[in-house]
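In: Structural data only, the sequence is not supplied:
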């Protein structure tokens, strides 16, 4: 018997196949749709991988000085710099000078309210109904991150013209580095001492720079071969430091390069951020009906109360 059949029961065609030694075998497979693949369902994970990108601390009230208002009307911050004035020796019996030459001069900084939006993102009623994800929640989360990135960038490098005066833009020159794409340990010390001790001793004093600059600084050593960077103890709540000073990574700051303001140092609480309410995420269900739309809005401003409190290190131009 052959495969359960007697030779005399085989057809002439079947006997011919056996005589030539060729046989045909078929297997139902998942990889071919018509062979069974159509019966295999496609499974989607109930989680989504969202790409991440660090921004910076400029919207963080624990780092900068923040004021939150309900409305966006202009706010004025009075300032006064009397640090150059001293008293003069007095001659007995002489009349005191009264010519106004030593009068106090006051100033004023303005905290306005600049608006930024994400534009609308529209998605269909069918996508909203069929997606395994809650699209409104997912898109709202992503737009919130867009607003955060925008705020950090503006509060770091904003021009100050119809825009926030970013902390880098508002800072004063402290040190000009000797190289175009490198800094030294001595230059960091010089930057620290370019800030008056009255500000340098504040609890909110610290460095700020891009992560690529941090990498370069971590390689610096003092004259005894010790690294300037000191690893903190996360569990004990002790932050990493440079020269014993706390630092903040801000990805909106420049990389090392020619004529770049790559390091800030000073009392960061002397930079004021005015927030008008909270960032807003709005969803429209009728304007785009039957589809939906979502957008984000944010209003804020930033200004340095005293430029002497925050200094920058700029690299050489060439």
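Out: On my side now, so go ahead. Quantities reported herein were computed from a predicted structural model and do not represent experimental measurements. Residues are numbered from 1 along each chain as shown.
In: Name the SS class of residue 140, please.
Out: Under DSSP: H, G, I helix; E, B strand; the rest coil, residue 140 falls in the helix class.
In: ok, now which ones touch it?
Out: Neighbour list for residue 140: 281, 283, 294, 296 [criterion: CB atoms under 8 Å, 6 or more residues apart in numbering]. C-betas here are computed from N, CA, C, even on glycine.
In: Just give the nearest non-adjacent residue to residue 230, would you?
Out: residue 241 (4.9 Å; CB to CB, 6 or more residues apart in numbering).
In: again but with residue 169, I slipped
Out: That would be residue 160: by CB to CB, 6+ apart, it lies 5.7 Å from residue 169.
In: so what's that neighbour up against?
Out: Residue 160 neighbours (CB under 8 Å, 6+ apart): 166, 169-170, 303.
In: who touches residue 61 in this structure?
Out: Contacts of residue 61 by CB under 8 Å, 6+ apart are residue 273.
In: host element of the residue positioned nearest the centre of the chain?
Out: In the chain, the residue lying closest to the centroid (CA atoms, centre = their mean) is residue 55, at 1.1 Å. Assignment of secondary structure by DSSP states H and E places residue 55 within no helix or strand.
In: I'd say it and residue 149 touch.
Out: Yes - counting by CB atoms under 8 Å, residue 55 touches residue 149, with 5.0 Å between them.
In: And the nearest residue to the residue nearest to the centre of the chain once chain neighbours are set aside, what's its pLDDT?
Out: Leaving aside its chain neighbours, residue 55 sits nearest to residue 152 (4.3 Å; criterion: CB to CB, 6+ apart). pLDDT for residue 152: 96.
In: Could you tell me whether residue 152 really is in a helix?
Out: Yes - Residue 152 forms part of a helix when assessed by three-state DSSP.
In: could we number from 5 for the rest of this?
Out: In the new numbering, first residue 5, that becomes residue 156.
In: Return the distance of it relative to residue 62.
Out: 5 Å (CB to CB, to the nearest Å).
In: Tell me which of those two has more neighbours.
Out: Under the criterion of other CB atoms under 10 Å, the comparison of residue 156 against residue 62 puts residue 62 first, with 29 against 21.
In: Show me what counts as buried in stretch 295-304.
Out: 296-304 (16 or more other CB atoms under 10 Å).
In: Give me the distance from that stretch to the chain's centre.
Out: Centroid displacement of stretch 295-304 relative to its chain, using CA atoms, centre = their mean, to the nearest Å, is 19 Å.
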